[in-house]
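> The following comprises the amino acid sequence and a computationally predicted model.
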Amino acid sequence: MERVFIIGTGLIGASTGLALRGAGFAGRIDGWDASSLEMAAAVQMGAIDGRASNRDDAVGLAKLADVIVLAVPVLAIKDWMQQLAPVLRAGQLVTDVGSTKVEIVELAERLFVAKDAASFLPGHPMAGKESGGALLAEAGLFYGAMWLFTPTTAEMTAIEREWRGWVGCFGSRMLDMDAARHDELCAWVSHLPQMLSTALAALLEERFGDAPEIAAIGGRALRETTRLGASPYSMWRDVALTNTGPVADTLLALEQRLQHVRENLRTPELRDEFALANRFRQRR
């Protein structure tokens, strides 16, 4: 692996470039982002060495790369997959960092199957921040985090094996799983917390607005439970569109659980609910 091309130089893309450098990668890293400001920041930080001047130039740089990292939202990942598949060659690897995997895997199984095609490795690092952008990128973002993969084939190519090796050098743990299982689990452990925090923050804003008492008495509990409410819609739109069923199932289950809590505020069942919650936290 001598050349890497990162499409999307925001938080995850720029952090990937910084992580590669921090792990000792001495090859060339190029990048492309629809935002010239994000690309400029990524260059200034040393996350990428050079940048594509436009989308056509980005395709040209992708042809030269050994590994292409798609670090953009899921719908944009699918768009780039369709654009790159016909022009890449065997021996190249395309991987992504998308938060949902079923639709990406289904598309990869159609586009990257010919003998002369590049290989595709769907991936998802379970790392991030409530806000995005290259300026928040850091080399250690993935340290200790789980980097999930949902392979489309059982056979591992040499370049895929090498890429996994670099991910390990980032300090990440790795786990392979089925794409549908990935989307189901992430709906519970990632997407539901985001929707819950967003709904709570929106409810508080609607009910209290800028009332100074909220900031004065809210404290740590309020800050922690609404922290994810700072995430922009642009980061989560594609998750909602491509994992609608599993996310809706988790929200329905939470609605039912909240109803149960509401109906038992004055009964011993509330104590049982706290006991279950305490047991879950003690195991983590």
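Nice, I can see it.

> All the helices of the stretch 151-284 of the chain, residue numbers only.
Shown for the stretch 151-284 of the chain, the helices assigned by DSSP state H, counting those that start in this stretch span residues 158-169, 179-186, 192-208, 212-217, 219-226, 233-242, 244-263, 269-282.

> so of those, which one's packed in deepest?
Compared across the helices of the stretch 151-284 of the chain, helix 179-186 shows the largest average neighbour count, a mean of 19 (mean count of other C-beta atoms under 10 Å). C-betas here are computed from N, CA, C, even on glycine.

> Can I get that helix as PDB, trimmed to CA atoms?
Output in PDB follows, covering the C-alpha atoms of helix 179-186 (Å, rounded to 0.1, in the frame of the first residue of the first chain):
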ATOM      1  CA  ALA A 179     -24.600  -6.400   7.500                       C
ATOM      2  CA  ALA A 180     -28.200  -6.900   8.700                       C
ATOM      3  CA  ARG A 181     -26.900  -7.700  12.200                       C
ATOM      4  CA  HIS A 182     -24.700  -4.600  12.000                       C
ATOM      5  CA  ASP A 183     -27.600  -2.300  11.200                       C
ATOM      6  CA  GLU A 184     -29.800  -3.800  13.800                       C
ATOM      7  CA  LEU A 185     -27.200  -3.500  16.600                       C
ATOM      8  CA  CYS A 186     -26.200   0.000  15.500                       C
END
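
> Residues contacting it, please?
Contacts with helix 179-186, where a contact means C-beta atoms under 8 Å, 6 or more residues apart in numbering, come from 99-102, 104-105, 122, 124, 148, 150, 177, 243, 246.

> Looking at these, which are in helices?
102, 104-105, 246 (DSSP state H).

> Tabulate those residues (CSV), appending pLDDT and distance to residue 69.
Below are those laid out as CSV (pLDDT from 0 to 100; distance: C-beta to C-beta, whole Å):
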residue, pLDDT, distance to residue 69
102, 98, 20
104, 98, 14
105, 98, 17
246, 98, 25
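
> Next up, phi/psi of residue 67, please.
Main-chain dihedrals, residue 67, degrees, to the nearest 10: phi -130, psi 130.

> residues in contact with stretch 106-122?
Residues from elsewhere that reach stretch 106-122, judged by C-beta under 8 Å, 6+ apart: 68, 78, 81-82, 84-85, 88-96, 98, 101, 104-105, 149-153, 157, 159-160, 163, 179.

> repeat that with 7 Å
Counting by C-beta atoms under 7 Å, 6 or more residues apart in numbering, the neighbours of stretch 106-122 from elsewhere in the structure are 78, 81-82, 85, 88-90, 92-96, 101, 104-105, 149-152, 157, 159-160, 163, 179.

> Show me which of those residues are buried.
78, 81, 85, 88, 92-96, 101, 104-105, 149-152, 157, 159-160, 163, 179 (16 or more other C-beta atoms under 10 Å).

> rewinding a little: which two of the contacts of helix 179-186 have the greatest separation?
Set against one another by C-beta to C-beta, the contacts of helix 179-186 have their most distant pair in 122 and 246, with a gap of 16.5 Å.

> now the strands for the stretch 51-200 of the chain?
Applying DSSP state E, counting those that start in this stretch to the stretch 51-200 of the chain gives strands spanning 67-70, 93-96, 119-121, 123-125, 146-149, 173-176.

> Looking at the ones you listed, which is nearest to residue 211?
Ranked by C-beta to C-beta, the member of the strands of the stretch 51-200 of the chain that lies closest to residue 211 is strand 123-125, at 38.2 Å.

> Now do that closest one: which elements does it pack against?
Judged by 3 or more C-beta pairs under 7 Å, 6 or more residues apart in numbering; DSSP states H and E, the packing partners of strand 123-125 are strand 146-149.

> Identify each buried residue in the strand it packs on, please.
Neighbour counts over strand 146-149 (16+ other C-beta under 10 Å) mark 147-149 as buried.

> go on, stretch 109-116?
Applying a neighbour-count criterion of 16+ other C-beta under 10 Å, the buried positions in stretch 109-116 are 111-112.

> what about it, distance to the chain center?
For stretch 109-116, the gap between its own C-alpha mean and the chain's C-alpha mean amounts to 24 Å (C-alpha atoms, centre = their mean, to the nearest Å).

> Fine by me, thanks again.
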